[in-house]
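[1] sequence and predicted structure are below.
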Amino acid sequence: MKILQINASARREGANSTRVADSVIARLRAAHPEAQLTLRDLAVTPHPVLDEAALGALFTPADQRSAEQAARVALDDALIAEVQAHDTLVLGVPMYNFGVPVQLKTWIDAIARAGVTFRYTANGPEGLLTGKTVYVALARGGLYRDTANDSQVPYLKSVLGFLGMIDVKFIYAEGLAMGPEAATRGFAQAAADLDAALA
């Protein structure tokens with residue numbers, strides 16, 4: 001097993017989503033002692049956003065790119081190669097203003113590339129990042145699971161599925177800003193979700 005952990009919190013330390021992701025990693029490594037782990041913390045090494053210059057680089061043929069354009073595309077290439085090289089992904093995802101953090105969106109924008117991680121066919125789009133299991137460790141201050149205010153889960157199911165990652169398991173730690181007792185219940189629920197995901 002080769003595990004890629006993506007910490008998407010803006011916090012380098014003390015992030016609840018990282019705590020939940022770390023618990024997933026601990027369980028996976030306990031079950032698979034030979035597992036190899038790669039950690040990418042997007043707060044420590046933030047990826048550049050998809051802006052006009054990046055789009056220009058991506059849409060310029062490789063043999064016509066400037067040195068600066070080639071360097072920008074290479075940053076995305078590295079993230080794509082990293083995902084391709086691992087069979088298990090663990091995403092630590094806090095909820096910011098009802099959505100995913102910009103750090104995670106930037107990572108998704110980097111790995112979603114037509115002709116590389118997905119392609120369009122006569123029958124519609126086809127994801128090329130297949131055969132992977134994804135654990136999404138969610139941390140929320142309030143209670144959003146299975147409500148209309150949870151935009152994260154539908155979005156992540158859609159975009160990961162579009163890229164070919166359809167075995168996605170969600171681990172919920174919620175109510176973490178609603179007092180100590182609610183936070184304790186939230187982390188206990190995450191542990192129960194993880195038990196179910198690994199059963």
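    Thanks, I have it. Note that the coordinates shown come from a computational prediction; the quantities given were computed from them, not determined experimentally. Numbers count the residues shown, from 1 in each chain.
[2] next one: the residue nearest to the spatial centre of the chain relative to Gln152, how far apart?
    Nearest to the mean C-alpha position of the chain, counting by C-alpha atoms, centre = their mean, stands Leu91 at 4.1 Å. Counting by C-beta to C-beta, to the nearest Å, the separation of Leu91 from Gln152 is 10 Å. Where C-beta positions appear, they are placed from N, C-alpha and C, glycine not excepted.
[3] show me which residues of stretch 159-169 are buried.
    Using 16 or more other C-beta atoms under 10 Å as the test for burial, stretch 159-169 gives 159-160, 162-166, 168-169.
[4] can you list the strands that the helix or strand hosting Val93 pairs with?
    According to DSSP states H and E, Val93 maps onto strand 88-94. Here strand 88-94 has these sheet partners by DSSP bridges: strand 2-7 (parallel), strand 133-139 (parallel).
[5] can you give me the angle whichever helix or strand comes after the shortest one makes with strand 133-139?
    Beyond strand 2-7 in the direction of the C-terminus, DSSP H and E gives the next helix or strand as helix 16-31. Relative orientation of helix 16-31 with respect to strand 133-139: 140 degrees, computed using axes from the mean of the first three to the mean of the last three C-alpha atoms, to 10 degrees.
[6] ok, residues contacting helix 16-31?
    Residues outside helix 16-31 that contact it (C-beta atoms under 8 Å, 6 or more residues apart in numbering) are 1, 3, 5, 7-9, 11, 35, 37, 41, 88, 90-94, 135, 137-139, 171, 173, 176, 187, 190-191, 194, 198.
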